[in-house]
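Engineer: I would like to see how this sequence folds:
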Amino acid sequence: MPLSNKHSLKIRPNKLVILDRDGVINHDSDAYIKSLEEWVPYPSAIDAIAQLNKAGYTVAIATNQSGIARGYYDETTLQSMHDRLTELVEAKGGRIAHIAYCPHGPDDQCACRKPLPGLLLQIQQQLGMDSLTGSWMVGDSLRDLKAGESVGCRSVLVRTGKGEKTLASHTNLENTLVYPDLAAFADWLCQQR
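Structural biologist: I've put the predicted structure just below:
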């Protein structure tokens with residue numbers, strides 16, 4: 001089951017930041033992140049999530065986890081990674097409002113695997129929001145950006161993870177903000193008062 005916490009206050013879309021996980025919050029691997037030991041966060045990303053929270057932003061995560069469908073790890077292992085992420089963020093004074101994940105493979109024809117919008121719509125529903133238009137979607141791949149754009153999110157590409165490769169191979173990113181990492185984006189966003 002995904003982590004979730006209902007909000008008692010109405011979240012304004014421009015105060016929601018949705019993050020991809022692998023390559024944005026933690027180091028990514030072409031061989032998949034298959035265990036808690038392989039899940040290695042960027043320390044600056046943990047700080048950035050707490051910084052966003054302290055500046056009044058709600059942070060949620062939308063992550064494809066096809067390694068489950070491929071049999072590389074199970075949902076219990078994934079939950080241990082998300083529990084660790086939650087602990088690290090909370091230790092810095094932050095909070096993750098919801099983690100939505102897709103356990104399906106690319107051929108499973110689900111509605112949740114990015115670039116489809118299912119994970120983002122799950123976040124919208126879980127947080128009781130009428131719309132995601134104006135929210136932020138931060139990712140390191142084109143599929144993250146496309147998922148966000150399909151529901152009206154503003155796109156942010158980070159150069160960590162697959163970000164440099166995405167930037168080099170796609171020229172149609174004129175509506176996308178590009179930052180070295182999540183921390184640099186958080187610094188910028190928190191200054192936009």
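Engineer: Confirm that Leu177 sits in a strand.
Structural biologist: Yes - going by DSSP: H, G, I helix; E, B strand; the rest coil, the assignment for Leu177 places it inside a strand.
Engineer: Report how many residues lie close to it.
Structural biologist: 15 (other C-beta atoms under 10 Å). Glycine gets a C-beta too; all of them are placed from N, C-alpha and C.
Engineer: Over to Trp188?
Structural biologist: That count, for Trp188 with other C-beta under 10 Å as the rule, works out to 12.
Engineer: Excluding chain neighbours, what is closest to it?
Structural biologist: Tyr179 (6.9 Å; C-beta to C-beta, 6 or more residues apart in numbering).
Engineer: cool, and Trp39?
Structural biologist: If you skip the residues right next to it in sequence, Trp39 has Met81 as its closest partner in space, 4.4 Å away by C-beta to C-beta, 6+ apart.
Engineer: Spell out the secondary structure type for that neighbour.
Structural biologist: In three-state terms, and counting by three-state DSSP, Met81 is helix.
Engineer: re the thing from before, check whether the residue nearest to Trp188 really touches Leu167, as I assumed.
Structural biologist: No - with contact taken as C-beta atoms under 8 Å, Tyr179 and Leu167 are classed as non-touching, separated by 11.0 Å.
Engineer: overlap in contacts of these two?
Structural biologist: With contacts taken as C-beta atoms under 8 Å, 6 or more residues apart in numbering, the residues that reach both Tyr179 and Leu167 are 157, 159.
Engineer: still on that earlier bit, and the residue nearest to Trp188, what does it touch?
Structural biologist: Taking C-beta under 8 Å, 6+ apart, we find Tyr179 in contact with 156-159, 185, 188.
Engineer: related to what we said a few turns ago, spit out the contact partners of the residue nearest to Trp39.
Structural biologist: With contacts defined as C-beta under 8 Å, 6+ apart, the neighbours of Met81 are 33, 36, 39.
Engineer: For Gly105, give its distance to Lys10.
Structural biologist: As for Gly105, its distance to Lys10 is 36 Å (criterion: C-beta to C-beta, to the nearest Å).
Engineer: Of those two, which one has the most company?
Structural biologist: Neighbour count, other C-beta under 10 Å: between Gly105 and Lys10, Gly105 has more, with 16 against 10.
Engineer: Helix, strand, or coil at that one?
Structural biologist: Assigned state for Gly105: coil (three-state reduction, three-state DSSP).
Engineer: Quick check: can you name the pairing partners of the longest strand along the chain and their directions?
Structural biologist: Among the segments of the chain that qualify as a strand by DSSP state E, the longest is strand 58-64. Strand pairing for strand 58-64, using DSSP bridges, gives strand 16-19 (parallel), strand 98-102 (parallel).
Engineer: Nothing else from me, thank you.
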